[in-house]
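[1] Compute the structure for the input listed below.
(one chain, ligands or ions: 1)
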Amino acid sequence: MHAIRGDAHEEIRAHFGSLEAWQAIGDWSTFDVPQPSRVPSLLDHGYDEDLPATAWDADLYRDAADFRGGGLITGDVTRGDIATPLAWTCAHGHIFAASPRLVLTAGHWCPECVRPSVSGRCAARGRCGRGVIVRARRGAVHSRSDDDRRDVSRASTT
Ligand SMILES: [Zn+2]
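    You can find the predicted model right below:
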């Protein structure tokens, strides 16, 4: 509204596209409240979820990994063994170990990709996926890139 009141054309264009587009929005009487479908639907997880765990095999794991943009690295897989960790890769090439049960039933995936970024520092370097979080002795949490690990190890021993 500040942009409209101030007749700031650049801001109006950035927010609404144009003054005419903002004027065409209308008021609450013209707003249609979105109505989600009332028909329940199941989410696709990229594999046949009707198969019992005793029938899970490498093909099923490959399907699930492919659905997530990654892959199954382990080649020797025992059908029905859902507890032994296997090697997987995510869409970004991170390699991690996880059991089929953890991936397929609990929904876990690459721990590197879900690691929160504490600061924009590593993102600015394009290394956010490889950043590490270090709790310094002072109690502060810092984000460090691979290049800073030497400094981190020195800091943690002092
Ligand atoms: Zn990853």
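
[2] Surely residue 91 is in contact with residue 66?
    No: the pair formed by residue 91 and residue 66 falls short of the contact definition of CB atoms under 8 Å, at 10.1 Å. Where you see a C-beta, it was placed from the backbone N, CA and C, and this is true even at glycine.

[3] Let's verify the residue positioned nearest the centre of the chain: helix, strand, or coil?
    The centroid of the chain falls nearest to residue 114 when counting by CA atoms, centre = their mean (5.5 Å). With DSSP: H, G, I helix; E, B strand; the rest coil as the basis, the three-state label of residue 114 is coil.

[4] per-residue confidence averaged over stretch 2-17?
    Within the predicted structure, the mean pLDDT of stretch 2-17 is 91.

[5] cool, stretch 104-123 as well?
    Throughout stretch 104-123, pLDDT has a mean value of 79.

[6] before we move on, what about stretch 70-79?
    Mean pLDDT, stretch 70-79: 97.

[7] Give me the distance between that stretch and the centre of its chain.
    Relative to its chain's centre, stretch 70-79 lies at 22 Å (CA atoms, centre = their mean, to the nearest Å).
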